[in-house]
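> output the structure for:
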Amino acid sequence: MATITSSTIVRGFSSSFPVSRDDASSWPIHEGDESGVNSPVQQASEPGDALADDPDSDWNDMSFEDKRDNLVKAAAENEGKLSPEQFRIAYQKAIKDCAYDDEDGALDPTILHHLIRKFTPTHKTHGVHKDLFKELVHRSLVELLGRLGELDGLSNALHEAINRKHFQLLEFVCNKASESGDGDLKKLVVNAISTKDAKNHHQNCLHAAIRRLAPLGVISSLIKCANKESFETQRADDGNTPLHDFAEFTAMRFKVDRCKCKRCQKDFAEADSMGERAYTQRYKETMTDIIDRYEEALSTFNKAGQTPFVVHRQTRKRLDVADLNDLEYLSAEEAKLAGADVVPQHQVTPALSASDSIPIDIEETGRPSVGQQQRRVDPRKAQIRRAPPSTPAKTETPHDENAGRYSLYMAWEISRELLERCSSRPNWEDAEKSIFGDRERDGKILLSYNLNARVHSTHTSNLCR
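Purely as a prediction, here's the structure:
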């Protein structure tokens, strides 16, 4: 097998991409073009560019944004027809021309910025879930890296992606960095995550993703890429660390069985889709990952003198729901009696198996129809004849403010985990600070039940293990 190398120079940064192939005739070609003439794939093996060197194109006269629009359109049209490597070679000049906008104050410095701004996260043909769009994003990372690691450019892109809820794109960038090992690309992404957004209270990407209700999987990807600075950074307006934000007891995170309106299903349905127990376990694991990366956050005061555990308790109390009070002090048996351990099982519709028989209007294979209906037969010997689907009028479910319930089970599990981690701090002073916050600044923090004795007992037993 012959190996060719296409060397691409991107404004002062040289990168070589090896591509293996037998010959150009073995590559797939466009549908409807059996000869392969003028297909991007064939042109990839010859000098020139499938887009920029097209004689019918006015490429050189196009604006920067129009060039990028045409490149993005080419990626959409060739999805599934070209591999990322083939696409990169076929459109190498166009990618180079669109890679970076040198103009001062450019709205979209890279293709990555362009994709974030112009397309919604759920766009069917222009989404980062497509392989060729992933390739364009990767080219943007390479371009930023080649510019001596232009940190502001990538940081701005990540913050904008979070703001517009391009969480899939954010996760892809983090995973790409993790796959690169400890090289320059990983360092660029790590530093970009920790960079503070001056336009939004100097919070970093981890703060922003938690506040924008990013899925737990996306937050986990950020955690894996983030450095210690990301976990210890306190937002300018309230002094919260990312752990403070994640510990907040809010309806957006701790409510389940929400209404079925479009907005709730889009933004808050993660718990319902995973099931209450599975979601609680995943939430607790994510919180534990944050604590493990920077345990000192447990005893860090925000501007109100509150630690993450105090923030959790105070935000829970504001809801004025009696069942949520003091859950963390209950034993498993007490919690069960209080109803915190009673969780409806997640309903899953079982898939139809070949051994099941189903009552429908059928016509047995190889036999004429006898007009029999509702006759049970082995579905493996039957050919299903379904009535044409009706098209019901689209009616949007209105939002129901009173729908849903706060998960007692989740509240108990998360609060218990926080209390356990606080009481296991290296010394009693840190444990006390983590549990009560700045008691000199907040006189409302009082002992509940025999908390002091319970915490001291737990702390002592942990140290003696």
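
> low-confidence ranges in the stretch 1-150 of the chain?
In the predicted model, the stretch 1-150 of the chain carries pLDDT under 70 at residues 1-48, 122-129, 148-150.

> helices along that one, start to end?
40-44, 64-77, 84-90, 92-98, 111-118, 131-146 (DSSP state H, counting those that start in this stretch).

> save the ones you listed as JSON lines, and put in distance to Gln234 too.
Any C-beta I mention is one placed from the backbone N, CA and C, and that applies to glycine too. Formatted as JSON lines, those follow (distance: least, CB to CB, whole Å):
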{"stretch": "helix 40-44", "distance to Gln234": "50"}
{"stretch": "helix 64-77", "distance to Gln234": "38"}
{"stretch": "helix 84-90", "distance to Gln234": "40"}
{"stretch": "helix 92-98", "distance to Gln234": "39"}
{"stretch": "helix 111-118", "distance to Gln234": "27"}
{"stretch": "helix 131-146", "distance to Gln234": "27"}
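
> nearest to Ile291, out of those helices?
Across the helices of the stretch 1-150 of the chain, Ile291 has its closest neighbour in helix 131-146 (29.9 Å, CB to CB).

> I'd like the next helix or strand past that closest one.
helix 151-163 (DSSP states H and E).

> packing partners of that next one?
helix 111-118, helix 131-146, helix 167-179, helix 184-194, helix 205-211 (3 or more CB pairs under 8 Å, 6 or more residues apart in numbering; DSSP states H and E).

> quick one: average pLDDT of that helix?
Averaged over helix 151-163, pLDDT sits at 85.

> hang on, the earlier thing: nearest to Asp400, out of the helices of the stretch 1-150 of the chain?
Nearest of these (CB to CB): helix 111-118, 32.6 Å.

> and the closest one, which residues are buried?
Ile111, Leu112, His113, His114, Leu115, Ile116 (16 or more other CB atoms under 10 Å).

> again with stretch 89-108
Buried, per 16+ other CB under 10 Å, within stretch 89-108: 89-101, 108.

> go through those and name the one nearest Val142.
Of the buried residues of stretch 89-108, the one sitting nearest to Val142 (CB to CB) turns out to be Ala99, at 8.4 Å.

> give me the pLDDT for Phe309.
On the pLDDT scale, Phe309 gets 95.

> on the three-state scheme, Leu213 is what?
With DSSP: H, G, I helix; E, B strand; the rest coil as the basis, Leu213 sits in coil.

> hang on, isn't it packed against Phe254?
No. Look at Leu213 against Phe254 with CB atoms under 8 Å: they stay out of range, at 11.9 Å.

> for the record, mean pLDDT for stretch 225-239?
For stretch 225-239, the mean confidence score works out to 95.

> other residues contacting it?
Residues from elsewhere that reach stretch 225-239 (CB atoms under 8 Å, 6 or more residues apart in numbering): 174, 177-178, 186, 189-191, 193-194, 196, 201-207, 240-244, 290, 293-294, 296-297, 300-304.

> ok, of those, which come out buried?
Using 16+ other CB under 10 Å, the buried members of the contacts of stretch 225-239 are 174, 177, 186, 189-191, 193-194, 196, 203-207, 240-244, 290, 293-294, 297, 300-302, 304.

> distance to Ile219 added to the helices and strands packed on helix 151-163, as a markdown table?
Formatted as a markdown table, those follow (distance: least, CB to CB, whole Å):
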| stretch | distance to Ile219 |
| --- | --- |
| helix 111-118 | 19 |
| helix 131-146 | 20 |
| helix 167-179 | 9 |
| helix 184-194 | 12 |
| helix 205-211 | 6 |
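
> closest to Tyr406 out of those helices?
Closest of the helices and strands packed on helix 151-163 to Tyr406 is helix 205-211, at 19.1 Å (criterion: CB to CB).

> name the helices or strands packed onto that closest one?
For helix 205-211, the packing partners by 3+ CB pairs under 8 Å, 6+ apart come out as helix 151-163, helix 167-179, helix 184-194, helix 216-225, helix 228-232, helix 242-247.

> out of those, which is the most enclosed?
helix 242-247 (a mean of 27; mean count of other CB atoms under 10 Å).

> following it, which helix or strand shows up next?
Next element after helix 242-247 (DSSP H and E): helix 251-254.

> which residues touch that following helix?
Under CB under 8 Å, 6+ apart, the answer for helix 251-254 is Leu213, Asp267, Phe268, Tyr283, Gly404, Tyr406, Ser407, Met410, Ala411, Ile414.

> over to stretch 185-195?
141-142, 144-145, 149, 151-152, 154-155, 158, 173-174, 176-178, 180, 204-206, 222, 225-227, 229-230, 233.

> the stretch 201-350 of the chain: helices as residue ranges?
Going by DSSP H, counting those that start in this stretch, the stretch 201-350 of the chain shows helices at 205-211, 216-225, 228-232, 242-247, 251-254, 262-267, 270-274, 276-293, 308-317, 332-338.

> got the contact list for the residue nearest to Ile291 when sequence neighbours are not counted?
Spatially, and ignoring its direct neighbours in sequence, Ile291 is nearest to Arg421 (5.6 Å; CB to CB, 6 or more residues apart in numbering). Counting by CB under 8 Å, 6+ apart, Arg421 touches Thr288, Ile291, Glu295, Leu298, Ser434.
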